[in-house]
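**Student:** sequence-free structure coming up:
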């Protein structure tokens, strides 16, 4: 095989890889900005309302707002947590709800997107509420 042909094809692949990486970085930056707005305007207020209603119903959960997400932590067992955070490893990045639940000596962990294949800008309070309620079911019984 001709060295010039190999070099030409390799340069094309290098250029394409660089363009793809730059596009991915831009999508990631855009998603991070959208996620910060989503946290402030939708996620934190929704989690706060859920925590208030749970407490009123005698199921005490504490609201925590670390800089990169929001979470509900059970007052009964500090290892029981439902959290929301941005998963930047996905392309495009996705808002994920994770739950960590202790069951005896076992720890059960689930992680799912708030709403599959939906951009962060299109997520609603209803989407967050629906996903969190699904993950809360074990504690509601």
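**Tutor:** Cool, got the structure. Being a predicted model, the structure only gives us computed values, none of them experimental.
**Student:** residue 14 should be in a strand, yeah?
**Tutor:** No. Residue assignment for residue 14, taken from DSSP: H, G, I helix; E, B strand; the rest coil, gives helix, which places it outside any strand.
**Student:** low-confidence bits of the protein, can you list those?
**Tutor:** Judged against pLDDT under 70, the chain has no low-scoring part.
**Student:** so which residues of it form helices?
**Tutor:** Remark: helices assigned in the chain by DSSP state H are 3-38, 44-56, 125-140.
**Student:** can you tell me the centre-most residue of this structure?
**Tutor:** Nearest to the mean C-alpha position of the chain, counting by CA atoms, centre = their mean, stands residue 96 at 2.4 Å.
**Student:** please name the nearest non-neighbouring residue to that residue.
**Tutor:** In this structure, residue 96 finds its nearest non-sequential neighbour in residue 87, 4.7 Å apart by CB to CB, 6 or more residues apart in numbering. (Glycine included, C-beta is placed from N, CA and C.)
**Student:** give me the number of neighbouring residues for that neighbour.
**Tutor:** The tally of other residues near residue 87 (other CB atoms under 10 Å) stands at 13.
**Student:** residue 63 is in contact with residue 55, correct?
**Tutor:** No. Counting by CB atoms under 8 Å, residue 55 sits too far from residue 63 to count as a contact (9.6 Å).
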